[in-house]
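Peer 1: Below is the sequence, then the predicted model.
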Amino acid sequence: MTAQSIKRRLISQFHRPRGVVGRAVGWFMAHRGSNRQRNIWVVSILDIQPTDRVLEVGFGPGIAIAELARRVTRGRVYGIDHSEVMVRQATRRNAAAVRAGRVELLHAPVDRLPAFDTPLDVILAVNSLGFWPDPAQRLSELRDLLRPGGRIALVSQPRCPGADAATTERAGRELRDRLTAAGLTDIRVETLDLDPPVACVIAR
């Protein structure tokens, strides 16, 4: 196996962690300082209310889920992820909230969304949109899950080699354009000064 093929296999694990290597990737994502800062920051700027119903698409090891569960005490936090390894890790990380019925984590891809009995208040996706099949269609489907005035937050911290503030700015513009095309409005962009910076684009 060549170095290039090993690199490709490792990168694919960040897309969909699986097996023993996937468990190690999940541990790395959960403990990497910038990942933790990014997820905690994003939840902090969303004005989450105790009664909100929130969905995270692609929750990984469940860092943002834990932050959401701290704030949502009378509502419900949902998560979907297409990696069984991530579902297991995030469930363990949020075991108390799962047992209490405040968090529900599902093994599901974004193109096969589960049914929700009532509309959602907030939908969050952190560094996952680039892996979605047909993102425009997926955003339209997610928009339809929101209550009137509900919000979608898309987050990007570019991980490509050489990524810098300009890379993040371009990523933010792309996310804003996608949300506009999906019929969302009242769009704003927030930035966290990491290396590279994080862009969070929020729309109603």
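Peer 2: The structure has been received and is ready for your questions.
Peer 1: in the chain, which segments are predicted with low confidence?
Peer 2: 1-33 (pLDDT under 70).
Peer 1: let's go with 90 and repeat that
Peer 2: Scanning the chain for pLDDT under 90 picks out 1-35, 159-160.
Peer 1: in it, which helix has the most residues?
Peer 2: Across the chain, the longest stretch assigned as helix under DSSP state H is helix 165-181.
Peer 1: Next, the buried residues of the strand ranked longest in the chain.
Peer 2: Counting residues, the longest strand found in the chain (DSSP state E) is strand 146-156. Buried residues in strand 146-156, counting neighbours by 16 or more other CB atoms under 10 Å, are found at 146, 150-156. In short, each C-beta sits where N, CA and C put it, glycine included.
Peer 1: what residues does that strand touch?
Peer 2: With contacts defined as CB atoms under 8 Å, 6 or more residues apart in numbering, strand 146-156 is touched by 38, 42, 46, 119-127, 129, 139, 142-143, 168, 171-172, 175, 178-179, 184, 198-204.
Peer 1: Just the ones in helices from these, please.
Peer 2: Judged by DSSP H, these include 38, 42, 139, 142-143, 168, 171-172, 175, 178-179 as members of helices.
Peer 1: Send me stretch 193-204 as PDB with only the CA atoms.
Peer 2: In PDB, the C-alpha atoms belonging to stretch 193-204 read as follows (Å, rounded to 0.1, in the frame of the first residue of the first chain):
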ATOM      1  CA  ASP A 193     -10.500  33.400  15.500                       C
ATOM      2  CA  LEU A 194      -8.800  30.000  15.400                       C
ATOM      3  CA  ASP A 195      -6.200  28.800  12.900                       C
ATOM      4  CA  PRO A 196      -7.800  28.700  10.500                       C
ATOM      5  CA  PRO A 197     -10.800  30.700  11.500                       C
ATOM      6  CA  VAL A 198     -14.300  29.200  11.900                       C
ATOM      7  CA  ALA A 199     -17.300  30.600  10.000                       C
ATOM      8  CA  CYS A 200     -20.800  30.000  11.300                       C
ATOM      9  CA  VAL A 201     -23.600  31.100   8.900                       C
ATOM     10  CA  ILE A 202     -27.000  31.400  10.500                       C
ATOM     11  CA  ALA A 203     -30.300  31.800   8.600                       C
ATOM     12  CA  ARG A 204     -34.000  31.800   9.300                       C
END
